[in-house]
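would you be able to build a 3D model of this:
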Amino acid sequence: MPLLERAGWDGRPFVTLAFGTRGPTKRWFPERETWPELARILMDQGFAAVWLGGPDEKPLGAELAALAPGSIDLTGQTSIPEACAIQYHAYGTVAVDTGLAHTSAGTGRPTVTLINHSVEHLISPQGPFALTVRGPAMGISGEEKEGDPYGGGAHRIPPERMANCLHALAAEAGGARVGPHRP
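Take a look at the predicted model:
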């Protein structure tokens, strides 16, 4: 993985983070809190955090990487085939509803996709270890919806939940059973 090595990767397992999308209702707000916190959680667990995104996402990628010191920013530096190769070698990917969620799921690696307003059964990435997570916007009063600066429930999903979902998928992908074990 020469591109990763040139960016400072030390060879440890890594998770790719696909944060960018052109659709503002697909984002995980507040981005400058949620994504760096997820990266810090994963790095504290011994993983490298690798930011992936397109050229138009470079400024936000650089900002998020700066908020998570030690993470690796490859935003705008990969072609789609290079991003797919990196995702294929990753422990897994956490993404919003974006093309990189689909490429990750297509590689067969654990992929957790955070969705907000998208129609889940039409857009969910498909793969053997793909999971979509929707924010708990159901049951929110009209007044709360009007006062919601982020336009939906995705921001209500804590970074810890995304990390836990990824670990559960990774355990399943590795053949482990998740949950209580009975003799």
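
from here on, just use CA atoms for contacts and neighbour counts.
Fine.

can you give me the strands in this protein?
14-18, 48-52, 72-73, 92-96, 111-115, 130-134 (DSSP state E).

TSV for those strands, including mean neighbour count and distance to residue 30?
Compiled in TSV, the strands of the chain are given as follows (neighbours: other C-alpha atoms under 10 Å; distance: least, C-alpha to C-alpha, whole Å):
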stretch	mean neighbour count	distance to residue 30
strand 14-18	26	15
strand 48-52	26	17
strand 72-73	24	19
strand 92-96	27	13
strand 111-115	28	14
strand 130-134	20	16
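
tally up the residues packed near residue 44, please.
10 (other C-alpha atoms under 10 Å).

contacts only, for the nearest residue to residue 127 once chain neighbours are set aside.
Excluding its sequence neighbours, the residue lying closest to residue 127 (C-alpha to C-alpha, 6 or more residues apart in numbering) is residue 105, at 4.7 Å. Residue 105 makes contact with 111, 125-130, according to C-alpha atoms under 8 Å, 6 or more residues apart in numbering.

low-confidence stretches in the protein?
117-122, 135-155, 178-183 (pLDDT under 70).

just the buried ones from the contacts of residue 105?
111, 125-127, 129-130 (16 or more other C-alpha atoms under 10 Å).

and of those residues, the nearest to residue 88?
residue 111 (10.7 Å; C-alpha to C-alpha).

contacts only, for that closest one.
Here residue 111 is in contact with 92-95, 101, 104-105, 129-131, 166, 169 (C-alpha under 8 Å, 6+ apart).

before we move on, what about residue 23?
Contacts of residue 23 (C-alpha under 8 Å, 6+ apart): none.

how about residue 7?
72-74.

the same query, at a cut-off of 10 Å, please.
Residues near residue 7 by C-alpha atoms under 10 Å, 6 or more residues apart in numbering: 50, 71-74.
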